[in-house]
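*Asks:* The following block contains a protein sequence and its predicted model.
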Amino acid sequence: MRVAFGYFKKHFLMSDLEIAARRQAIVDCAGANNCVLIALFIDELETAPEELHKALAAVMEVDDGLLILPNLLHLAAVGNPIELRQHLLASHVEVVLSEVPKQAGRVC
């Protein structure tokens, strides 16, 4: 079975309920992609991007790894998220998003 690693960075004033929901979304995403979630890396505001570096190192060590993020902005601490995603794909690491992208624009 394919293995997955999850990562997210906490944001300022993030509640325990939000943290639990984000964790669960990553767990659910792994299951929906028929993966076993091996580890979930979480950065605090003051530790970022230490856990992201650990997550990237871990997923690069396995063949055909999967990295689950809430959204691509969680990669921004180490560079351009789109370029990093492309680099990971070239290294046979798929990046999957656990949150539905929000559309910019007017809300009715």
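*Replies:* Now that the structure is in, tell me what you want to look at.
*Asks:* contacting residues around the most centrally placed residue in the chain?
*Replies:* Per Cα atoms, centre = their mean, the C-alpha nearest to the average position across the chain is that of L69, at 1.9 Å. With contacts defined as Cβ atoms under 8 Å, 6 or more residues apart in numbering, L69 is in contact with G6, Y7, F8, L75, V95, V96, L97, S98. (Each C-beta comes from the backbone N, C-alpha and C, glycine too.)
*Asks:* And the first one, how close does it get to L17?
*Replies:* Relative to L17, G6 is positioned 18 Å away (criterion: Cβ to Cβ, to the nearest Å).
*Asks:* Those two: who's more crowded?
*Replies:* Ranked by neighbour count (other Cβ atoms under 10 Å), G6 and L17 place G6 first, with 27 against 8.
*Asks:* Phi and psi next, for that one.
*Replies:* G6 adopts backbone torsions of phi -110, psi 160, taken as degrees, to the nearest 10.
*Asks:* Go ahead and confirm it touches D28.
*Replies:* No: counting by Cβ atoms under 8 Å, G6 does not reach D28; the two are 10.7 Å apart.
*Asks:* Identify the contacts common to these two.
*Replies:* Joint contacts of G6 and D28 (Cβ under 8 Å, 6+ apart) are S98.
*Asks:* bridging residues for the residue nearest to the centre of the chain?
*Replies:* L97 (DSSP bridges).
*Asks:* Flag the shaky bits of this structure, pLDDT-wise.
*Replies:* 102-108 (pLDDT under 70).
*Asks:* Can you check which helix is longest in it?
*Replies:* helix 16-32 (DSSP state H).
*Asks:* Can you point out the buried residues in it?
*Replies:* Residues of helix 16-32 classed as buried: R22, R23, A25, I26, V27, C29, A30 (neighbour count, 16 or more other Cβ atoms under 10 Å).
*Asks:* One more: stretch 79-97?
*Replies:* P81, L84, R85, L88, V93, E94, V95, V96.
*Asks:* So what's the gap between it and the chain middle?
*Replies:* Taking the mean of its C-alpha atoms, stretch 79-97 sits 11 Å from the chain's own mean (Cα atoms, centre = their mean, to the nearest Å).
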